[in-house]
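Undergrad: Need coordinates for the following:
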Amino acid sequence: MLKKYKDFILIVNFILIIVALFLFPNSIKSQILVALNIFFKVLFPTFFPMFLLTNLLIEYNAVVIFGKIIKPFIEKIFHISANCGYIILISLISGFPSGAKNIMMLLDKQLISVDDANYLLTFTHFSNPLFILNVVYLVVLDKSICIKILLAHFISNFIIAFFIRPCRKNNYTNFSFTYKNASFSNALTTSLKNTFNILTIIMGTTIFSFIISSVITNYISLNTFFKVFINGLFDLTLGITTLKNISIPIIFKSILILSFICFGSISVHLQVSSIIDNKRVKYKNFLLGRIASIGIALVLFLIM
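TA: Residues are numbered from 1 along each chain as shown. Next up, the predicted model:
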């Protein structure tokens, strides 16, 4: 019965969006173009090389090799198998949703367990450091604030990881990898397919989120602050960039930016939900992790 109500609400909303396409065609068209501009100028250049190279690393057994190097540290601190260390490291330098992407890749290759996958999904939500140091800087114009936002965001995720880590201390399942002696061209082709599949999801959800935020701001008369909030709720890049248009104290801009990044926006949540297999890896773990991250990160930022 509940599913029927959810489906009915979705159908009504889709009809309203279709009506909006006729009522506000120019506004929605401009938002789509903005979304494509952000994707190809900001997201694609950042994600494409990193996603491609991390896929190639997985194809060439780097997960197990790297896992053997950091095995004592990962098992002692996080109480998980050594192969999970690869996901943590790549998530730190790649930006979301690389955490979810690599979790599913290693789970499909049977390199990590389902329990470890669900645990990793709660905290491997890291913004690309270059995004914070470059895009966020254009809004706050203060490098020290950018660094504090970065530290609060990263540390909050590790605090979550520490307090919800599995109880086991010595009983780890370390999976082996059956290396296939495939040619580089085959490995490259496979990696390109996986990369573009993920990038297509990111582009599509970004455009969809921009359309929804445009429809809401056209249907409802909102002041500039609430428009920025709606934009950031649906897509963090749009929300952060439009913060330049409002005159509020830098501390409030920083708090909004940090909240957008920690939550990830509906666009990122759609990406993660599309990537994971909800029968094995539960989306609720990601959602709860994001909610907890906002509270912890804001406290850390205000302390700093």
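Undergrad: from here on, contacts and neighbour counts on C-alpha atoms
TA: Will do.
Undergrad: Roughly how far does Asn197 sit from Ile9?
TA: Note on Asn197: its distance to Ile9, by Cα to Cα, to the nearest Å, is 29 Å.
Undergrad: Correction: the previous question concerned Val140.
TA: On the measure of Cα to Cα, Val140 and Ile9 end up 39 Å apart.
Undergrad: just Thr237 next, same as before
TA: Distance from Thr237 to Ile9, by Cα to Cα: 27 Å.
Undergrad: in the stretch 151-300 of the chain, which ranges drop under the pLDDT threshold?
TA: Along the stretch 151-300 of the chain, segments meeting pLDDT under 70 span 168-182.
Undergrad: so where do the helices sit in it?
TA: For the stretch 151-300 of the chain, the helices defined by DSSP state H, counting those that start in this stretch occupy 184-219, 224-234, 236-242, 250-263, 265-275, 283-303.
Undergrad: got those as JSON lines, with mean neighbour count and distance to Thr46 columns?
TA: Shown next, in JSON lines, are the helices of the stretch 151-300 of the chain (neighbours: other Cα atoms under 10 Å; distance: least, Cα to Cα, whole Å):
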{"stretch": "helix 184-219", "mean neighbour count": "18", "distance to Thr46": "11"}
{"stretch": "helix 224-234", "mean neighbour count": "21", "distance to Thr46": "20"}
{"stretch": "helix 236-242", "mean neighbour count": "23", "distance to Thr46": "13"}
{"stretch": "helix 250-263", "mean neighbour count": "21", "distance to Thr46": "16"}
{"stretch": "helix 265-275", "mean neighbour count": "21", "distance to Thr46": "15"}
{"stretch": "helix 283-303", "mean neighbour count": "18", "distance to Thr46": "22"}
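Undergrad: Go ahead and produce CSV holding the CA coordinates of stretch 74-92.
TA: C-alpha atoms of stretch 74-92 as CSV (Å, rounded to 0.1, in the frame of the first residue of the first chain):
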residue,chain,number,x,y,z
ILE,A,74,43.6,-1.3,8.1
GLU,A,75,42.9,-4.4,10.2
LYS,A,76,44.0,-2.7,13.4
ILE,A,77,42.2,0.7,12.9
PHE,A,78,39.1,-0.2,11.0
HIS,A,79,38.7,-3.9,11.8
ILE,A,80,38.1,-4.8,8.1
SER,A,81,39.9,-6.8,5.5
ALA,A,82,43.0,-5.3,3.9
ASN,A,83,41.5,-5.0,0.4
CYS,A,84,39.2,-2.3,1.8
GLY,A,85,42.1,0.0,2.2
TYR,A,86,42.2,0.6,-1.5
ILE,A,87,38.7,1.9,-1.5
ILE,A,88,39.4,4.3,1.4
LEU,A,89,42.5,5.7,-0.3
ILE,A,90,40.9,6.1,-3.7
SER,A,91,37.9,7.7,-2.2
LEU,A,92,40.1,10.3,-0.5
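Undergrad: Same question for it: list its buried residues.
TA: By neighbour count with 16 or more other Cα atoms under 10 Å, stretch 74-92 contains the buried residues 74-75, 78-88, 90-92.
Undergrad: tell me the least confident of the residues you listed?
TA: Among those, Glu75 has the lowest pLDDT, at 78.
Undergrad: And the contacts of stretch 130-146?
TA: Residues from elsewhere that reach stretch 130-146 (Cα atoms under 8 Å, 6 or more residues apart in numbering): 147, 149-150, 240-241, 243-244, 250, 253-254, 257.
Undergrad: So which of Val140 and Ile9 has more stuff around it?
TA: Neighbour tally, Val140 and Ile9, criterion other Cα atoms under 10 Å: the higher count belongs to Val140, 20 against 12.
Undergrad: any idea how far Pro49 is from the more buried one?
TA: Relative to Pro49, and taking Cα to Cα, Val140 is found at 28 Å.
Undergrad: again, but for Lys244
TA: Taking Cα to Cα as the measure, Lys244 falls 29 Å from Pro49.
Undergrad: Contact partners for the nearest residue to Ile257 once chain neighbours are set aside?
TA: Leaving aside its chain neighbours, Ile257 sits nearest to Ile240 (6.0 Å; criterion: Cα to Cα, 6 or more residues apart in numbering). Contacts for Ile240 (Cα under 8 Å, 6+ apart) come out as 136, 139, 228, 232, 257, 260.
Undergrad: May I ask which two of the residues you listed are separated the most?
TA: The span of the contacts of Ile240, defined through Cα to Cα, is set by Val136 and Val228 at 14.6 Å.
Undergrad: how much space between Asp277 and Asp108?
TA: Distance of Asp277 to Asp108, computed by Cα to Cα: 10 Å.
Undergrad: what helix or strand is Phe8 on?
TA: Assigned by DSSP states H and E, Phe8 falls within helix 2-23.
Undergrad: Done for today, thanks.
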